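Chemist: I would like to see how this sequence folds:
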Amino acid sequence: MTNELTKVVLIGGGRMGKLIDEALVADGGFVVLGTYDIDNIDELDESAPEADLAIDFSNKAALSHVLAYVRRTGAALVSGTTGFSDEEQESLRALGEVAPVIWSGNYSLGVAALRHATELVAAACADWDAEIIETHHNQKADAPSGTAEMLRKAIDADGDRPVVNGRVGMVGARTKREIGMHAVRGGTVAGTHEVHFFGPDEEICLTHRATSRQIFVNGAVAAAKRLLSRERGFYTFDQLMFD
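Modeler: Numbers count the residues shown, from 1 in each chain. Below you'll find the model as predicted:
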């Protein structure tokens, strides 16, 4: 029976990693061969067993090890690690040459719907001022969140609008095309994202609130199941879940 299970390695032993581990066990279709974190990440390079699937919710510092593992084994990769530079993001895309790969800053179906709604409003209200506010727990290391970046791209697909990360001092009047990005940290907030569009005498505010990390776990496991049936290539969460 074990041979019929999907073999998995987990990269990241934090809260998300533990929840994903529990979800995989509860599903019954997976067997976790090992978990790799800061204390043993070097073992992923050579001594880690070959798995069908790698799930990475760790830190960008582990990226080189993740890349090497997938290229060595051809394992499908579900990545939810955030904070990557454009160059690092491109290296993930390039993994699609050897394996099916998905990266998303957020695996919530509700956030995917929020992104679609943001695109719709941004197109309809192109001249309005846009601001994004993201709130997370006090242990989150990166800012802005990967989800906030995804929402920014939903507003500005070409990436040619200036981004202002908070405002301090005599900053002057707001320029017409800038996108404000604001990060709030505190307590145990799982994740809240607000996209504000300000027009003359009116405002639209789109909001998504996560009450627990379980929504991201459920989405990541659902994405993993679909990814395993795909050919090699780089996929978005929308492509896997909605196409």
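Chemist: alpha carbons only for contacts and neighbour counts from here, please
Modeler: Noted.
Chemist: What residues does the residue most central in space within the chain make contact with?
Modeler: When the chain is reduced to its mean C-alpha position, the closest residue under CA atoms, centre = their mean turns out to be Gly105, at 1.5 Å. Shown in contact with Gly105 (CA atoms under 8 Å, 6 or more residues apart in numbering): 80-82, 145-147, 150.
Chemist: and which of those is nearest to Ala157?
Modeler: Ala157 has its nearest neighbour among the contacts of Gly105 in Met150, at 9.7 Å by CA to CA.
Chemist: residue boundaries of the helices in the chain?
Modeler: For the chain, the helices defined by DSSP state H cover 15-27, 43-46, 63-73, 86-94, 109-124, 146-155, 214-227, 237-242.
Chemist: could those helices go into JSON lines alongside mean pLDDT, distance to Met170 and mean neighbour count?
Modeler: Below are the helices of the chain laid out as JSON lines (pLDDT from 0 to 100; distance: least, CA to CA, whole Å; neighbours: other CA atoms under 10 Å):
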{"stretch": "helix 15-27", "mean pLDDT": "94", "distance to Met170": "40", "mean neighbour count": "16"}
{"stretch": "helix 43-46", "mean pLDDT": "88", "distance to Met170": "49", "mean neighbour count": "16"}
{"stretch": "helix 63-73", "mean pLDDT": "96", "distance to Met170": "39", "mean neighbour count": "18"}
{"stretch": "helix 86-94", "mean pLDDT": "96", "distance to Met170": "31", "mean neighbour count": "14"}
{"stretch": "helix 109-124", "mean pLDDT": "94", "distance to Met170": "28", "mean neighbour count": "17"}
{"stretch": "helix 146-155", "mean pLDDT": "94", "distance to Met170": "25", "mean neighbour count": "21"}
{"stretch": "helix 214-227", "mean pLDDT": "94", "distance to Met170": "39", "mean neighbour count": "19"}
{"stretch": "helix 237-242", "mean pLDDT": "86", "distance to Met170": "40", "mean neighbour count": "15"}
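Chemist: for those helices, which one sits closest to Val168?
Modeler: helix 146-155 (20.3 Å).
Chemist: any idea of the angle that closest one forms with helix 109-124?
Modeler: When axes from the mean of the first three to the mean of the last three CA atoms, to 10 degrees is applied, the directions of helix 146-155 and helix 109-124 differ by 30 degrees.
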